[in-house]
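Visitor: Let's see this in three dimensions:
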Amino acid sequence: MPIIKAVNGKHPNIPKDCFVADNATIVGDVDMGNQCSIWFNAVVRGDVHFIKMGNKVNVQDGAVIHATYQKSPTTIGNNVSIGHNAIVHGCTIHDNVLIGMGSIIMDDCIVESHSIIAAGAVVTKNTIVASGSIYAGIPAVKVKDISKALISDEIDRIANNYVTYSSWFE
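Guide: Presented below is the predicted three-dimensional model:
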């Protein structure tokens, strides 16, 4: 059974059409949209500030979503994929974003729509990732503009695949 707990009287809101893996953890002030999935060993910790997710957000295996106490909540838009072992902390992720495996998004960053954060990238505090960009490296910098093909072939495909994958589990 997943760990789903209230913290300081705030309970996670998880719609019935969401998938939560058996060993995932969701605690506190977490509000999830429809068709979201929280995968194995992922942690969504809304204990120190709120975490709000739109529809079709997938938080893949080992990823951590957190915030900064009384300062920086985490807001995630629609159609967002958060790759395996990524850390999303006290930031804003707009719609249609792919966050690569093992990447880190730090406090007060804004990742605008139709963007990709490459695997292993570290997006440092207060960075604004412009819409339609690919950011990579440590610290992450813009490496190129995203193509329309990447939006449909990667961002949309992965988000849709995770809705399908979650239907395989009962």
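Visitor: Return the list of helices and strands in contact with the longest helix that the chain contains.
Guide: As assigned by DSSP state H, the longest helix anywhere in the chain is helix 157-167. Judged by 3 or more CB pairs under 8 Å, 6 or more residues apart in numbering; DSSP states H and E, the packing partners of helix 157-167 are strand 37-38, strand 58-59, strand 80-82. Placement of C-beta: from N, CA and C, glycine included.
Visitor: Kindly recompute the last result at 7 Å.
Guide: Where contact means 3 or more CB pairs under 7 Å, 6 or more residues apart in numbering; DSSP states H and E, helix 157-167 is packed against strand 80-82.
Visitor: Give me the contacts around whichever strand or helix holds K142.
Guide: Element membership of K142, judged by DSSP states H and E, is strand 141-145. For strand 141-145, contacts defined as CB atoms under 7 Å, 6 or more residues apart in numbering pick out 130, 132-136.
Visitor: contact partners of the helix or strand just after it?
Guide: Using DSSP H and E, the helix or strand that follows strand 141-145 in sequence is helix 148-150. The contact list for helix 148-150 (CB under 7 Å, 6+ apart) reads I116.
Visitor: Repeat that for stretch 31-41.
Guide: Residues contacting stretch 31-41 (CB under 7 Å, 6+ apart): 13-15, 17-21, 23-24, 26, 44, 52-62, 78, 162-163, 166.
Visitor: In helices, which of these appear?
Guide: 162-163, 166.
Visitor: Just name the shakiest helix or strand of the protein by mean pLDDT.
Guide: Least confident helix or strand, the chain: helix 148-150 with a mean of 81, by mean pLDDT, DSSP states H and E.
Visitor: Can you report how many residues lie near M106?
Guide: By other CB atoms under 10 Å, the residues close to M106 number 20.
Visitor: low-scoring pLDDT stretches of the protein, where are they?
Guide: For the chain, applying pLDDT under 70 flags no range at all.
Visitor: again, 90 this time
Guide: By pLDDT under 90, the low-scoring segments of the chain are 147-154, 170.
Visitor: Kindly list the longest strand within it.
Guide: Identified as the longest strand of the chain according to DSSP state E is strand 43-53.
Visitor: Identify all contacting residues around it.
Guide: If you take CB under 7 Å, 6+ apart as the criterion, strand 43-53 is touched by 7, 10, 12, 25-33, 36, 38, 59, 64-70, 72-76.
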